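Asks: mind looking at a prediction? Sequence and model below.
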Amino acid sequence: MAKTGDTAQPPAVDTLYEDGHPLDEIHYIQAKIILQGMRFTSVQSFFDFSKLVAKAAKRTGVEFDPHTAKGIRPQIREVLFMDTQDFSLYNNYFILRRRITYEDGFPVGDPEIVFKFRHTDFETAAKLDVRPQIPGSYRIKFKEETLPLKERLGGVRSLFSHNVEFPYRPRGYVDPTAASTLIRVFPCLAPVLGSTRKHVQLVNRTAVEEVLQQLGTLDFGKGMIAPCNVSVWRTRGEHHQLVGEFAYQCHFMHKSDLSAKAVQRSEAFFLALQEEAKDWVSLATTKTGAVYRLKGNPPQSHE
């Protein structure tokens with residue numbers, strides 16, 4: 001999240017990738033608060049947290065409208081993280097996951113690949129070209145992610161998440177899990193996986209079930225409106241609650257278009273919610289980190 005009163009794009013860097021394509025720009029601000037998974041035992045738990053959102057919004061002059069989510073049922077998604085046995089991707093700031101949505105107990109549409117490069121430095125994240133070499137369309141999402149401080153409540157830190165999403169259609173690849181295939185699809189992985197015969201596999205042999213409930217919209221003023229939701233991640237089969245998460249996201253064409261007062265109000269709300277939800281918050285982790293650390297021997301954390 002931009003600091004209070006700062007609505008400018010982060011410092012300028014080289015403006016082109018190697019092939020002459022302009023560098024991707026940030027078009028999303030996404031704020032996240034990681035929550036204790038054991039807090040979520042039923043659908044009512046989501047709406048209990050919604051009451052805390054309403055309190056924080058009222059304190060900070062933010063309009064929270066839960067009616068925009070009225071009648072929306074929880075969404076179920078399966079999330080599979082893929083990495084080498086020694087976590088080469090995660091240890092080098094990359095995240096590779098496959099996600100599929102369920103409706104009424106059945107999968108809907110093609111699975112989706114989400115490939116991320118996440119870093120604390122804007123310039124490093126911007127320069128990393130995540131465009132996949134695939135037939136068909138894909139969607140780039142470059143986000144500034146806002147999280148609480150690792151060591152205490154009442155603060156803000158940022159990660160820059162350079163993402164690409166596209167349907168999972170492995171036709172034409174002899175082995176979709178081979179390092180050579182991944183480098184072919186994601187050339188930016190060549191420095192990490194090049195000259196190896198590594199394969200990716202399911203991280204910690206764990207399939208994640210995400211239950212996500214829309215809560216409504218937050219209006220910070222001056223056109224800065226963000227849908228918000230709360231979710232819980234749990235393991236398939238055992239239904240072990242890993243973590244929960246509250247999140248809201250604002251999309252914009254140019255960061256300079258954001259009102260300084262609206263950004264300031266968003267930051268005030270984010271801090272107030274940490275205080276209101278202090279008994280729910282889980283510090284020093286992310287949803288991805290919780291999966292990677294599930295069976296001990298944690299990889300290097302860059303989050």
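Replies: In hand now; what should we look at?
Asks: where does pLDDT dip in the stretch 1-150 of the chain?
Replies: Along the stretch 1-150 of the chain, segments meeting pLDDT under 70 span 1-14.
Asks: so what's the residue count around residue 166?
Replies: 17 (other Cβ atoms under 10 Å). Using the backbone N, CA and C atoms, a C-beta is placed for each residue, glycine as well.
Asks: can you pull the contacts of it?
Replies: Going by Cβ atoms under 8 Å, 6 or more residues apart in numbering, residue 166 touches 112, 113, 132, 134, 136, 137, 138, 139.
Asks: at 10 Å instead, please
Replies: Taking Cβ atoms under 10 Å, 6 or more residues apart in numbering, we find residue 166 in contact with 110, 112, 113, 114, 115, 132, 134, 136, 137, 138, 139, 185.
Asks: list buried residues within these.
Replies: For the contacts of residue 166, a burial check counting by 16 or more other Cβ atoms under 10 Å picks out 112, 113, 114, 115, 132, 134, 185.
Asks: turn those residues into CSV, columns for distance to residue 272 and secondary structure.
Replies: Listed next are these as CSV, based on distance: Cβ to Cβ, whole Å; DSSP: H, G, I helix; E, B strand; the rest coil:
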residue, distance to residue 272, secondary structure
112, 34, strand
113, 36, strand
114, 30, strand
115, 34, strand
132, 39, coil
134, 43, coil
185, 43, helix
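Asks: between those residues, which is closest to residue 101?
Replies: residue 112 (8.0 Å; Cβ to Cβ).
Asks: related to what we said a few turns ago, as a markdown table, the buried ones among the contacts of residue 166 with distance to residue 258 would be great.
Replies: Formatted as a markdown table, the buried ones among the contacts of residue 166 follow (distance: Cβ to Cβ, whole Å):
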| residue | distance to residue 258 |
| --- | --- |
| 112 | 28 |
| 113 | 30 |
| 114 | 25 |
| 115 | 27 |
| 132 | 29 |
| 134 | 33 |
| 185 | 34 |
